[in-house]
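Participant: Quick check, what structure comes out for this input:
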Amino acid sequence: METPFLQDIVVILGLSVGVLLLFQKIKLPTILGFLMTGILAGPHGLNLITESAHNVEMLAEIGVILLLFIIGLEFSLKSLAAIQKAVFLGGTWQVGVTILAAVLVGSSLGFSGAEAIFIGFLFSLSSTAIVLKLLQEKGEINSPHGKISLAILIFQDIIVVPMMLFTPLIAGKAENVTTTLLFLLMKGLFIIGFVILSARFVVPRLLYMVANTKSKELFILAIVVICFAVAWLTSSMGLSLALGAFLAGLIISESEYSHQATSNILPFRELFTSFFFVSIGMLLDVSFVFHHIPSVALFTLLTIVLKAAIAASAAAILRFPKRTSIMVGLSLFQVGEFAFILSKTGLANNLLSHTSYQYFLAISILTMAATPFLIAASDRISYVLLRAPLPFRQRRRLVRKARPLEASQVAETSYSDHIIIIGYGINGRNVAKAATRANIPYVIIELNPDTVRTERASGKPITYGDATGDVILHHVQIHKARVVVVAISDPAATKKIIVNIRSITQKAYIIIRTRFIQEMDENFKLGADEVIPEEFETSIEIFTRVLNKYLVPQNEIEAFTREIRADNYQMLRPSTNTGKPEKRLELDMPDMDISTLAVQQGNNAIVGKKIGESQIRKVFGITVLTIKRDNQFITEIHPDTRILQDDVLYVFGNPDAIARFSEKISI
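Facilitator: Residues are numbered from 1 along each chain as shown. Have a look, this model is predicted:
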């Protein structure tokens, strides 16, 4: 049985592996690897994909849906409000001025007004995926230029949706523009109402019930159904699937389940978006680029210079120093992945000719390819520009130290030097109590939705999620944490969490709670710094109390337990011989004991009489240390102290003597 579609998938994925291995060696982003895979496999390259191009595009469409769904999940109305000035002022300026520049250049090249505006739409968008990945790798995502770049990218991700809606209007596809705009407004109001009602009332309750089942499969299924159901709804209303996917993500983002949803969907998104970028590469006509190298190179250079200057000016109007502005420009000069999505809408509405589309593809891919190199060199480039021969006053303004964003402009909660507590059972709660008492910042990751809802209502810094996914760990800023305490009862999940943490950071000190000794060595090998087995700690607690009963001094008991823990419980392990001489605890009074006795017999020679009169020490050979009477403790014991019925006596002496004395005061 012939399966050409399966054959093409194997070709694409197999070729991708080889190309990505090469790109990783030369430090290029994976997105460029997928684009190159498409160029090689497509009809203008090696022509490896022949019969199933439509099916590849179908997989690419799923990738677009999941890509916008993840953007919606990571986007929050609350986080938008926190950086609204940077997002809306900087973003509006960057997008608006880029569109204006494209209109001027397009008009001079003979494009119609509608075509020039649409080209402006395309070139105003930058690559969120590439820029954020590179800034994260350089550790600059929280730098001033990193934060302002993020703010502008957020605005671009939002504005692409209205661009998709307005493209048919500027193409003149609507017979009555007023009616179309009114109808579009009604659709918009319906969608806004649908999003608000779903985000506040429907989806949180649904996901709460799903999360309560503790079924990962059901949770993933519910998330996927919500994503594709909302995408289908918007498509049936004449809007795009991508818009529906974005709205589905936005609906879930307002609940405490957004980070876990992102963690679960991310692997699917990575797979299907790979087909998206491969499909884009397949569209590029390599022979066209070779025949138009001068013009392609010129337009690529013009795009880089204009977009960099406009992005830099967006940072400047936000009153950031010139150095920060330059580095923002060097981060956002490329054409992004959402422009590819938008370009298909333009093709469908005849706003792009075949030639214009090939120029767009070539420029986009070349600017993406230049991004890693220019971002890596941004420090040196900004330094050279700042040393340009300028008047003293202007140079002082240029080299002025970049100021950080104000607290109100920071989108996410900032943690530093904190404890991450994974699992909020008894152990996790105790760690949180101790951290609170010591005034140490902490954040909790918990999978029980009831616990998350209750503790969040009481003000605890807790988030719903599975720490085996790196999205959750990035959300709680694992790279800044000093200590991670894993206090869950799932050995397999614990091991995955250790591996996940160590793939992100080597700095965090990982403390693991396990149940059994057999789990210790493997956890250490995976990267845990300290492993505390419950069975050994229970043993320590038991023999600590035993040693207390044998009147071993408390400081010796504490030193003994510290020695056991410091040696990873070797003393308690079966058949272990470390070669070290074992420390012996000497019992100064091995035949003596302390006991608690209740006085029940009130008609004898002891009860009701003074201790000196009954001669307890001489007759029984014991000493009364303390008397508890009516919840009061009498600690100063002398011969005139009386023993009364219902007293509780704390006595010291030989176990046999204590037993004889107990018979005298019992019924």
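Participant: Let me see the ranges of the helices in the stretch 101-250 of the chain.
Facilitator: Listed in chain order, the helices found in the stretch 101-250 of the chain under DSSP state H, counting those that start in this stretch are 113-123, 128-138, 144-170, 177-197, 203-212, 216-236, 241-253.
Participant: Of the ones you listed, give the one that comes closest to residue 419.
Facilitator: Closest approach to residue 419 among the helices of the stretch 101-250 of the chain is made by helix 128-138 (22.9 Å; Cβ to Cβ). Glycine gets a C-beta too; all of them are placed from N, C-alpha and C.
Participant: what's the closest one packed up against?
Facilitator: Here helix 128-138 is seen to pack against helix 144-170, helix 337-348, helix 354-376 when contacts are counted using 3 or more Cβ pairs under 8 Å, 6 or more residues apart in numbering; DSSP states H and E.
Participant: can you list contacts of it?
Facilitator: Contacts of helix 128-138 from elsewhere in the structure, counted by Cβ atoms under 8 Å, 6 or more residues apart in numbering, are 29, 31, 71, 141, 143, 146, 149-150, 153, 156-157, 331-332, 334, 336-338, 368, 371-372, 375-376.
Participant: Buried by neighbour count, from the residues you listed: which ones?
Facilitator: The neighbour count (16 or more other Cβ atoms under 10 Å) marks 29, 31, 71, 141, 143, 146, 149-150, 153, 156-157, 331-332, 334, 336-338, 368, 371-372, 375 as buried among the contacts of helix 128-138.
Participant: Show the subsequent helix or strand relative to the longest strand seen in the chain.
Facilitator: The strand of greatest length in the chain, counted in residues with DSSP state E as the criterion, is given as strand 622-629. In the C-terminal direction, the helix or strand that comes right after strand 622-629 (DSSP states H and E) is strand 632-634.
Participant: next structured bit after that following strand?
Facilitator: Following the chain from strand 632-634 toward its C-terminal end, the next helix or strand by DSSP H and E is strand 648-653.
Participant: okay, the angle between that next one and strand 622-629?
Facilitator: Interaxial angle, strand 648-653 versus strand 622-629 (axes from the mean of the first three to the mean of the last three Cα atoms, to 10 degrees): 160 degrees.
Participant: Give me the sheet partners of strand 648-653 and which way each runs.
Facilitator: Partners of strand 648-653 in the sheet, by DSSP bridges, are strand 593-598 (antiparallel), strand 622-629 (antiparallel).
Participant: Mean pLDDT and distance to residue 647 for the ones you listed - can I get that in a markdown table?
Facilitator: As requested, the strands paired with strand 648-653 are exported to a markdown table (pLDDT from 0 to 100; distance: least, Cβ to Cβ, whole Å):
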| stretch | mean pLDDT | distance to residue 647 |
| --- | --- | --- |
| strand 593-598 | 79 | 8 |
| strand 622-629 | 87 | 5 |
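Participant: and those, which is most packed in?
Facilitator: Between these, strand 622-629 has the highest mean count of neighbours, a mean of 17, where neighbours are mean count of other Cβ atoms under 10 Å.
Participant: contacting residues around that one?
Facilitator: Under the criterion Cβ under 8 Å, 6+ apart, residues 594, 611, 616-617, 633-635, 637, 641, 643-644, 646-654, 657-658, 661 lie in contact with strand 622-629.
Participant: C-alpha coordinates for it, PDB please?
Facilitator: Extracted in PDB, the C-alpha atoms of strand 622-629 (Å, rounded to 0.1, in the frame of the first residue of the first chain):
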ATOM      1  CA  ILE A 622      13.500   7.500  93.400                       C
ATOM      2  CA  THR A 623      13.500  11.200  93.100                       C
ATOM      3  CA  VAL A 624      10.500  13.400  92.200                       C
ATOM      4  CA  LEU A 625      11.600  16.000  89.600                       C
ATOM      5  CA  THR A 626       8.400  17.800  88.800                       C
ATOM      6  CA  ILE A 627       4.700  17.800  89.700                       C
ATOM      7  CA  LYS A 628       2.000  18.700  87.200                       C
ATOM      8  CA  ARG A 629      -1.100  19.900  89.100                       C
END
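Participant: still on that earlier bit, pick the most buried one from the helices of the stretch 101-250 of the chain.
Facilitator: helix 241-253 (a mean of 25).
Participant: Which pLDDT does the model give the closest residue to residue 233 other than its chain neighbours?
Facilitator: By the measure of Cβ to Cβ, 6 or more residues apart in numbering, the closest residue to residue 233 outside its immediate chain neighbours is residue 244, 6.0 Å from it. Residue 244 is assigned 78 on the pLDDT scale.
Participant: was I right about residue 244 contacting residue 250?
Facilitator: No - taking contacts as Cβ atoms under 8 Å, residue 244 lies outside contact range of residue 250: 10.5 Å.
Participant: show me the residues around the residue nearest to residue 233 that make contact.
Facilitator: Neighbours of residue 244 in contact, by Cβ under 8 Å, 6+ apart: 65, 230-235.
Participant: May I ask which two of the residues you listed are separated the most?
Facilitator: Taking Cβ to Cβ as the measure, the contacts of residue 244 span a maximum distance of 12.8 Å, between 65 and 233.
Participant: Please parse this structure into its domains.
Facilitator: The domain map for the chain lists 4-43+57-383, 418-514, 593-664, with the assignment taken from automatic domain parsing.
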